[in-house]
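Visitor: just coords:
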Ligand SMILES: C[S@@+](CC[C@H](N)C(=O)[O-])C[C@H]1O[C@@H](n2cnc3c(N)ncnc32)[C@H](O)[C@@H]1O
């Protein structure tokens, strides 16, 4: 079957139509004629995959990765990077218009990754049937790999050692690697059905891994989340973000794309000075410390104890006295700050977007400014609609491309209360 792909949509698909029926096509480029194989039919659309490109579309190229179209990690490698960015901008603006009823001619700016490939400092390998790799698109079928072009080259260098570990550890399901380019060292998580003893981890570390691997932890999955059972070595490393040095422990979240470690927080913090900042989901403080330069006091919180301990440590390490951090869920932070004067609220909510309490807090406290970081354009668009009805004006929208070659889209939106504008 043949069809014309009109444009790309969120999720990495090209969209087209045949006799009024909507088609979502994997590995398609905008404005091209393709022959497709049908994968599945739903009530609303047909999912298909490109079989043959008849007339090449915008920005089509030969995907550099040899596992492309088997491995499910990348969806856009067949499109030149500039065209990927253009498509992501269009998708973001379309979500704003369709879902948020907000019409913008363009974004205020695009923060592109400085490297198209080799930018990932955190990689989660899957392990199945004694092999290491990644799952195929929307599947649990393992595609074994010898390298990943998105991973930092130093992570690829570790793959032969990881394969040796896979051979000797039974019940292994995942291996998570965190690499610090600043320290040139790695932290490893072995995630499996069985907890490994400290002695076993010590043997693995000494016999199979280079000295740059400073920590190996054993984790078991509980409700889909890895829980640490034991670890050997130093369970933290350091990353640099411009002038700030940040301790990041093995169980703390840290941004994946090392090429944006400085520019991303700088973009978020850019703006005039304010007195009081409240930052939810602050992690180890990557954004907090840049923001602290533009305020009198910043209060940050995060539900992850490890990240909050790192944030507190990092404030001392960088001699920052304007920040305070609490280990608590966002709902508790919002409850305890309800009614307080907050000049700037910084949000980085999960995929589901703003909660009822977030909205109640905003309508009651009416912070003069809000910075909303998001990696889910659809909930972002919905929430921006709510925020505009609460009296906020969008001042700027930046597209941040944290994950080139994939469908993921991040954005930073800065808003201001209209009343405050007078
Ligand atoms: C994507 S990370 C962002 C961290 C930080 N803003 C950064 O970019 O480095 C999201 C953070 O939200 C935290 N988190 C998730 N659910 C939470 C909740 N209900 N309340 C507070 N923090 C939460 C996680 O622990 C994690 O540190």
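Guide: Noted; the coordinates are in hand. Given the structure is predicted, the values throughout are model-derived calculations rather than measurements. Numbering: from 1, shown residues only.
Visitor: rest of the way, CA atoms for contacts and neighbours
Guide: Fine.
Visitor: pLDDT value on residue 420, please?
Guide: Per-residue confidence at residue 420 stands at 65 (pLDDT).
Visitor: what does residue 350 give?
Guide: 88.
Visitor: same deal with the one 4 residues further on?
Guide: At residue 354, the model reports a pLDDT of 94.
Visitor: how about it, nearest residue that isn't a chain neighbour?
Guide: residue 383 (6.6 Å; C-alpha to C-alpha, 6 or more residues apart in numbering).
Visitor: where's the one you found relative to residue 100, distance?
Guide: Separation of residue 383 from residue 100 (C-alpha to C-alpha, to the nearest Å) stands at 7 Å.
Visitor: next: residue 128.
Guide: 42 Å.
Visitor: the nearest residue to residue 87 once chain neighbours are set aside: how many residues sit nearby?
Guide: In space, and not counting its chain neighbours, residue 87 is closest to residue 8: 6.4 Å by C-alpha to C-alpha, 6+ apart. Under the neighbour criterion other C-alpha atoms under 10 Å, residue 8 is assigned a count of 26.
Visitor: next: the one 4 residues further on.
Guide: As a burial measure, residue 12 scores 22 neighbours (other C-alpha under 10 Å).
Visitor: so the nearest residue to it once chain neighbours are set aside: helix, strand or coil?
Guide: Closest residue in space to residue 12, ignoring its immediate chain neighbours: residue 407 at 4.8 Å, by C-alpha to C-alpha, 6+ apart. Assigned with DSSP: H, G, I helix; E, B strand; the rest coil, residue 407 falls in the coil class.
Visitor: before we move on, which element is whichever residue of the stretch 101-250 of the chain sits closest to the ligand in?
Guide: Closest residue of the stretch 101-250 of the chain to the ligand, C-alpha to the nearest ligand atom: residue 248 (10.0 Å). Following DSSP states H and E, the helix or strand that holds residue 248 is strand 244-249.
Visitor: next up, the contacts around residue 391.
Guide: Contacts for residue 391 (C-alpha atoms under 8 Å, 6 or more residues apart in numbering) come out as 417-419.
Visitor: restricted to strands, list those.
Guide: Mapping the contacts of residue 391 onto strands (DSSP state E) picks out residue 417.
Visitor: ChimeraX command for the buried members of the contacts of residue 391?
Guide: To isolate the buried members of those in ChimeraX, using 16 or more other C-alpha atoms under 10 Å:
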select :417
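Visitor: can I get the contacts of residue 391 in a markdown table with distance to residue 132?
Guide: Formatted as a markdown table, the contacts of residue 391 follow (distance: C-alpha to C-alpha, whole Å):
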| residue | distance to residue 132 |
| --- | --- |
| 417 | 50 |
| 418 | 53 |
| 419 | 56 |
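Visitor: between the contacts of residue 391, which is closest to the ligand?
Guide: residue 417 (22.7 Å).
Visitor: which residue packs closest to the closest one, ignoring adjacent ones?
Guide: residue 392 (4.4 Å).
Visitor: what is the burial count for that neighbour?
Guide: 23.
Visitor: quick one, domains of the chain?
Guide: 1-60, 61-118+257-422, 122-237 (automatic domain parsing).
Visitor: would you mind giving those domains as JSON lines with distance to residue 244 added?
Guide: Converted to JSON lines, the domains of the chain look like this (distance: least, C-alpha to C-alpha, whole Å):
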{"stretch": "domain 1-60", "distance to residue 244": "34"}
{"stretch": "domain 61-118+257-422", "distance to residue 244": "6"}
{"stretch": "domain 122-237", "distance to residue 244": "12"}
